[in-house]
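Peer 1: Okay, sequence plus prediction incoming.
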Amino acid sequence: MTRILMVCLGNICRSPLAEGILRAKLQSNTSTIKVDSAGTAAYHIGKSPDLRSIAVANKYGIDISHLKARQFKVTDFDAFDVIYAMDTSNFKNIISLARTDKDRSKVKLILNTIVQDENLSVPDPYYGGDQGFEDVYQMLDKACTSILKELF
C-alpha cells in the first residue's frame with residue numbers, strides 16, 4: 001500500500017482539496033493507496049474545510065465536506081510514504097521535524113510534480129476571493145494527475 005499525505009498550513013483550504021482531488025482520481029484504486037491531509041499549524045484542528053474549498057470541490061463533483069483538520073505530527077513520517085507540502089514555508093516546517101534522512105526524503109513540494117525542481121508554491125487562497133480557490137483547484141488537479149501517472 002502506498003500512503004500519501006498532503007500538507008498545508010491550517011488543513012482547511014489547499015491540503016483537503018489535494019486529498020479530495022487525488023482520492024477522486026484514484027477511484028477504484030483506493031484499496032492500494034491511502035490519501036490523507038494535515039496542517040503544520042494547530043489553528044483549525046477538528047474543523048471542516050473552508051466553505052470555499054468545499055464549494056470549488058463540489059463544482060467538480062468532489063465532496064470534501066466530511067474531512068476534518070488535523071495537525072501534522074512527527075509520527076506521520078512513519079505512517080506515510082510520500083508527504084506533499086503545498087508551499088516552501090510548510091515544506092521547511094515539515095523538514096524541521098524530520099528525525100532522519102529517510103524522513104526528509106519523503107517530503108516533496110507538490111507543484112514539483114508538474115514543474116520539476118522549480119520549487120513553486122501553491123498560493124494560500126484563505127484571505128482572497130473565490131477565484132483564488134478556483135486557481136488553487138486547477139493547480140492541484142494538474143499536480144494530482146501527475147502523481148497518479150507516477151503511481152501507475
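Peer 2: Now that the structure is in, tell me what you want to look at.

Peer 1: Let me see the ranges of the helices in this structure.
Peer 2: 14-26, 51-59, 76-79, 88-97, 101-105, 130-151 (DSSP state H).

Peer 1: highest average neighbour count across the ones you listed?
Peer 2: For the helices of the chain, the largest average neighbour count (mean count of other Cβ atoms under 10 Å) is found in helix 14-26, namely a mean of 26. For glycine as for every other residue, the C-beta is placed from the backbone atoms N, C-alpha and C.

Peer 1: So what touches it?
Peer 2: 4, 6-8, 30, 33, 35-39, 49, 53, 56-57, 60-64, 67, 69, 84, 86, 110, 122, 124-125, 133, 136-137, 140-141, 143-145, 147-148 (Cβ atoms under 8 Å, 6 or more residues apart in numbering).

Peer 1: ok, now stretch 75-94?
Peer 2: 2-9, 14-15, 18, 36, 38, 40, 72, 97-99, 102-103, 106-110, 113, 119, 121-124, 143, 147.

Peer 1: Filter those down to the buried ones and hand me the PyMOL line.
Peer 2: Selection command for PyMOL covering only the buried members of those, criterion 16 or more other Cβ atoms under 10 Å:
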select buried, resi 3+4+5+6+7+8+9+14+15+18+36+38+40+72+98+103+106+107+109+110+113+121+122+124+143+147
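
Peer 1: contacting residues around Ile12?
Peer 2: Applying Cβ under 8 Å, 6+ apart to Ile12 gives the contacts 39, 44, 47-50, 53, 69, 126.

Peer 1: ok, 10 Å please
Peer 2: Listed by Cβ atoms under 10 Å, 6 or more residues apart in numbering, the contact set of Ile12 reads 37, 39, 43-44, 47-54, 64, 67-69, 126.

Peer 1: Also Val56?
Peer 2: 13, 17, 20, 50, 62, 64, 125, 130-138, 140.

Peer 1: how about 8 Å then?
Peer 2: Contact analysis of Val56 by Cβ under 8 Å, 6+ apart lists 17, 130, 133-134, 136-137.

Peer 1: Now the two most distant members of these.
Peer 2: The largest separation in the contacts of Val56, counting by Cβ to Cβ, is between Leu17 and Asp130 at 13.4 Å.

Peer 1: can I get the contacts of Val56 in JSON lines with distance to Leu26?
Peer 2: Below are the contacts of Val56 laid out as JSON lines (distance: Cβ to Cβ, whole Å):
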{"residue": "Leu17", "distance to Leu26": "15"}
{"residue": "Asp130", "distance to Leu26": "27"}
{"residue": "Phe133", "distance to Leu26": "22"}
{"residue": "Glu134", "distance to Leu26": "23"}
{"residue": "Val136", "distance to Leu26": "20"}
{"residue": "Tyr137", "distance to Leu26": "17"}
